[in-house]
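Colleague: with the sequence up front, the predicted model follows.
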Amino acid sequence: MSNDSPNQAHPCLNSSSRGAAGRRGARRQGRELALKVLYSLRDQDADIRLVLDRFWGNFRFAEDILGDPLDDSSAAVTSDVLGFTESLVRGVHDHLEGIDRILKEFSTNWALERMARVDLAILRLAAYELLYCPAVPTSVIINEAIEIGKRFGSQETPAFVNGILDQISRKYRPK
């Protein structure tokens, strides 16, 4: 766990994943893949490098915005998406204790252990970006979390995620 403070510049975005609207699909795919890795971390005590190596070695995803699994194991994720995914996963992993402390502060009626796993993974991912990726606009982070929640979560996930992330952003990213 790093002792970095929230809102300190952090290398969560590599130069190839920043920028133009054309990268939006790659960034969404990277976030969705990061969600899948983070979802699996609860069941793994292995070193984060080993977890990522296993993930990339066992799963192949289409290069479309949805990142759906492919039967053809020769297909690869682009280096942009892979780098962005790994930076998000490592960031969440390295700052997990602080992220969870902040999530507990704003999820007053929900213990983290009782949250749906996918909701918790989405919240951790988005909270990491809110706290450690000041170059990414708040509205983008929250909207991406809501959209990913619609795809992977329950019917309640988007509103739940939005409510907690909005509170975090008000405290840690005041306008």
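Modeller: Thanks, I have the structure now. Numbers count the residues shown, from 1 in each chain.
Colleague: quick check: buried residues in the helix or strand encompassing residue 119?
Modeller: Element membership for residue 119 (DSSP states H and E) is helix 117-132. Across helix 117-132, burial judged by 16 or more other C-beta atoms under 10 Å covers 118-132. Where C-beta positions appear, they are placed from N, C-alpha and C, glycine not excepted.
Colleague: may I ask which two of the residues you listed are separated the most?
Modeller: Based on C-beta to C-beta, the longest span within the buried residues of helix 117-132 runs between 118 and 132 and measures 21.5 Å.
Colleague: which ones are touching the most centrally placed residue in the chain?
Modeller: The centroid of the chain falls nearest to residue 125 when counting by C-alpha atoms, centre = their mean (2.9 Å). Residues in contact with residue 125 (C-beta atoms under 8 Å, 6 or more residues apart in numbering) are 31, 34, 35, 38, 88, 92, 145.
Colleague: for the fourth one, give its distance to residue 175.
Modeller: Distance check for residue 38 against residue 175: by C-beta to C-beta, to the nearest Å, it reads 28 Å.
Colleague: neighbour count: those two, which is higher?
Modeller: Neighbour totals were compared for residue 38 and residue 175, and residue 38 leads with 24 against 5 (other C-beta atoms under 10 Å).
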